[in-house]
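Participant: Build me a model:
(chains A and B)
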Amino acid sequence: MRAIKKVLGGDLKQYAMIVVLCSLIIIFNIASGGKMVTPSNFQNLLSGNAYVLILAIGMLMVIVVGHIDLAVGSVAGFVGMIVAISARDFNLPWGAAVLIGLAAGVIIGAWQGFFLAKLGIPGFITTLGGMMIFRGAVIWISKSISVPAPPELKFFGAGYLPEWGPAWTGLNNSTLLLGIIAFAAFIWMEGNGSRRKAKLTGQRGEVWPSAIKIMLIGAVIGYATYLFGSGRPGTSFPVPGLILVILIIVYHTITERTPFGRHIYAVGGNKGAAALSGVNVKKVYFLTMLNMSLLAALAGIMFIGRSTAAGPSDGTSWEMDAISAVFIGGAAVSGGIGTVRATMIGGLVMAVLNNGLMLLGVGADRTQVIKGLVLLAAVAFDVYNKTQGKSSIISRLFQKKETAAETK
Amino acid sequence: MEADYILQMRNITKTFNGIKALDDVCLDVKRGDIHSICGENGAGKSTLMKVLSGVYPHGSYEGKIIYQGKEAVFKDIKESENAGIVIIHQELTMIPELSVTENIFMGNEVVKNCLIDWEAQRHRVTELLVSMGLNVSPDTQIKHLGVGQQQLVEIAKALSKNVKLLILDEPTSALNEEDSANLLRLIKGLKERGITGIMISHKLNEIAAISDAVTVIRDGRVIETYPVVAGQVDEDRIIRSMVGRSIENRYPEHVSNPKEVMFEVQNWRVEDPRIPGRLICKDVSFNVRAGEVVGFAGLMGAGRTELMRSLFGKNYGIYQSGAISIKGEKVKLNSVEAAIRAGLAYVSEDRKNLGLNLLDSIAKTTVSANLRAVLRNGLIDPALEYKVAEEYRKALGTKAASVDAGVSTLSGGNQQKVVLAKWLFPEPDVLILDEPTRGIDVGAKFEIYSLIHKFADQGKAVLLVSSELPELLGMSDRIYALFEGAITGMLSRGEYTQELLMRLMTSTSKAEGGEKK
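Facilitator: Down below sits the predicted model:
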């Protein structure tokens, strides 16, 4: 046990969801007779869920700061429609249309952020309004009719990386290159982190936990590379997946390693204390909402690329999928707790459930029921851990009151 | 013999995850007595009371509780309340938006024909309030009452339930001197109604004033119990039992060496954010020298915290006029961030609500007011953060397994040290300490005092706000007294006494001996 702890570092609870995810994949694979773990299914799984996972990244930050954004689905749909219309009706090149779409996302985010930060209206209300406004706006500007998307967007919504180089690798070489870069980057970061710590604190950690960790991650990356790279010719690690991975890295860094990220957690954990530590609470609220709508715009654009057209009901109830992913990932309703990594795992659990149940021929009705139960079970498990006296991510929220009474 | 005692707790042992919070505790309380329990934070006082009141149900602990001559087996707090045991927590548990009547009968409503009988309730509440000498309307919303009055309403609530054994958990910790005296008088008055009281308290003078017996608990064990005769307690003996060592001097010896004026405030005028037109700072002027500890005395509502927070980047109130100079230069501090950059640091009186994010680790808290200093290539450097936190942990003597531990796992004193570390890391010139020892046990207080002296010796200007007069007298080189938002006088070391200060804190007249500035 202690050895495992050394490899994974500190908090083992965060790995519980990874275990759940892996078990789900294995169970579905067996139940479906091996249809789950195939290159094409995984490529689809990733490119078909990338937009929800991107929303979940922004949602995580909104929830950590202590609010919620119900408008993301409407905003995504609205922006998708704007891009499609500006390309079709105004003959704009696709790049310009995309820039307009992203700018619309920023403006919408500023609008939501204004109501939350300047007027102090809770995010729930602000975005409930936004949800109606932008859903209505999509239907209005599209006159309830689908609009074809610029075909170039397909590359971002469902495209694959190019094929090149020698064929003897047996894999898609772009995917192979990605895998090698990922592994090298991981080794570099792991080494760099421990070297720096040793330099500053004089504490030299043992080598073997790092070695095992690198071997484990290497195996995972290697297998993923093989899985995604060995599909039928012309397929690779999907482009939307690559966009997602880049965003995960960027936002993981923002939330964990930048002052702005710390401020989000500080405001969500204790607004008053954050304000007294020099954090501009309003600015944090504003930027978090702005960022959410920008990501929603991106998700909307990727989605119309994938579905080749922008429809008036695009994005309906996406906010619920994003919010579920965040909470399955262990975030706290009252803010201050949650990570990008865990949210991604939460989102993948939902995605694998959708996909696996579909492979088994379970209808959308029952899939919905099962997803609801899984959300409840995941949160209940977290709360249960707390009553057992172990500290888990969500439980620390509930313990707050008790410890306050206890320490006196 | 048996009838003499209303309560006998026998060999109570309670363990949490294998750690004994209570170890073979015996407590005997005589009927009609006021029995005080004191001990350091984490000694097990609250746990003992939770065992007694059924918060920890029968069976979750070992030992026996004999209450009113019978063994008590309370499954929850409702059962103990039915038996006449009522506990009043230090955190008030009333609902601010509801009226006094509604709160008193919360969960206990008088019902007639399935509906609440408001007339009967109001009538009973009026009777109760009159009998307690509390002059408030039963229809007043709780949020309009001061903390002292709220506490009294809590007691009225207990009385409405025919309480026989009233447990008060640090009842005066949030009260000013006047309200405290009021409350203590009332608790004493309850004896005549045949009510037995158990009071948990840190304040030795209160224990001496009203209790009949005192029990000292340390590390989950009863150290000793002895009667209080004629309002006298042996303070040294209690302190010795509490901390297991004798504290010869509650305030460390210190000779300060004030230099040039570091921090100066002139005609500071701030309006109340809630009541337009009302001033919470009335032309306040004062100065603090480098290397000096300057105390700020005032009763609750005098505006000490409000003053400090308005100085700290206008964090509270509506600024009207006034100027701040640091090292002789006028500065404009329009945000907390600007204040921190100008060299100010403010340690809040309300550690849990305004000082800490209880979800954070020690390391993250330590650097949180000065993230810029742990950046490397624009990103927070976890290794540097760890190193800084470790340095401050060692320097301040914070007791924790590691700096990765959550601050919520620490005791009050150690939490306060983490807050101090957080405010020392920006290397401030002016350190504002608002009630730095609130809710901290005697031993940790002494350490905090020594640290304050150390900060002064490093050339910082220290502003010390405290409700405890002995603390101000023991620590300050000079003391400013505030009354209703205005400075009513300044006393230097040697000229101040508790009586003189109290006179300044209660009247606007510039009392003799207190030349202004």
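Participant: so where is the stretch 401-517 of chain B shaky, pLDDT-wise?
Facilitator: Residues of the stretch 401-517 of chain B that meet the criterion pLDDT under 70 lie in B:506-517.
Participant: again, 50 this time
Facilitator: Counting by pLDDT under 50, the stretch 401-517 of chain B contains low-confidence residues at B:508-517.
Participant: Over to B:Val288: give its phi and psi.
Facilitator: phi -130, psi 130 (degrees, to the nearest 10).
Participant: Pull the contacting residues for the closest residue to it other than its chain neighbours.
Facilitator: The shortest distance from B:Val288 to any non-neighbouring residue, by Cβ to Cβ, 6 or more residues apart in numbering or on different chains, is to B:Ala461 (4.1 Å). Just so you know, the C-beta spots here come from the backbone N, C-alpha and C atoms, and that holds for glycine as well. Contact partners of B:Ala461, counting by Cβ atoms under 8 Å, 6 or more residues apart in numbering or on different chains, are B:262-263, B:288-292, B:294, B:429-431.
Participant: State which one residue of the stretch 201-350 of chain A is found closest to chain B.
Facilitator: Proximity of the stretch 201-350 of chain A to chain B (Cβ to the nearest Cβ) peaks at A:Gly269, 3.6 Å away.
Participant: Could you report the distance from that residue to A:Thr258?
Facilitator: Noted for A:Gly269: a distance of 17 Å to A:Thr258, by Cβ to Cβ, to the nearest Å.
Participant: what's the neighbour count on the residue of the stretch 201-350 of chain A closest to chain B?
Facilitator: 26 (other Cβ atoms under 10 Å in any protein chain shown).
Participant: What are the phi and psi values at B:Arg218?
Facilitator: phi -140, psi 130.
Participant: after the helix or strand encompassing A:Ile264 comes which helix or strand?
Facilitator: Using DSSP states H and E, the element containing A:Ile264 is helix A:259-269. Toward the C-terminal end, the helix or strand that comes next after helix A:259-269 (DSSP H and E) is helix A:271-275.
Participant: low pLDDT regions in the chain?
Facilitator: I went with chain A, as the question did not name one. The model of chain A has pLDDT under 50 over residues A:389-408.
Participant: Wait, chain B was what I had in mind.
Facilitator: B:1-3, B:246-247, B:508-517.
Participant: domain parsing for it?
Facilitator: B:2-243, B:256-343+B:428-517, B:351-427 (automatic domain parsing).
Participant: For stretch A:132-144, list the C-alpha coordinates in PDB.
Facilitator: Extracted in PDB, the C-alpha atoms of stretch A:132-144 (Å, rounded to 0.1, in the frame of the first residue of the first chain):
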ATOM      1  CA  MET A 132     -33.100  31.200 -22.700                       C
ATOM      2  CA  ILE A 133     -31.800  34.300 -24.500                       C
ATOM      3  CA  PHE A 134     -29.200  32.400 -26.600                       C
ATOM      4  CA  ARG A 135     -31.500  29.400 -27.300                       C
ATOM      5  CA  GLY A 136     -34.100  31.800 -28.500                       C
ATOM      6  CA  ALA A 137     -31.500  33.700 -30.500                       C
ATOM      7  CA  VAL A 138     -30.300  30.500 -32.300                       C
ATOM      8  CA  ILE A 139     -33.800  29.700 -33.400                       C
ATOM      9  CA  TRP A 140     -34.400  33.400 -34.300                       C
ATOM     10  CA  ILE A 141     -31.400  33.900 -36.500                       C
ATOM     11  CA  SER A 142     -31.600  30.400 -38.100                       C
ATOM     12  CA  LYS A 143     -35.400  30.700 -38.600                       C
ATOM     13  CA  SER A 144     -35.500  27.200 -37.200                       C
END
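Participant: Perfect, that will be all.
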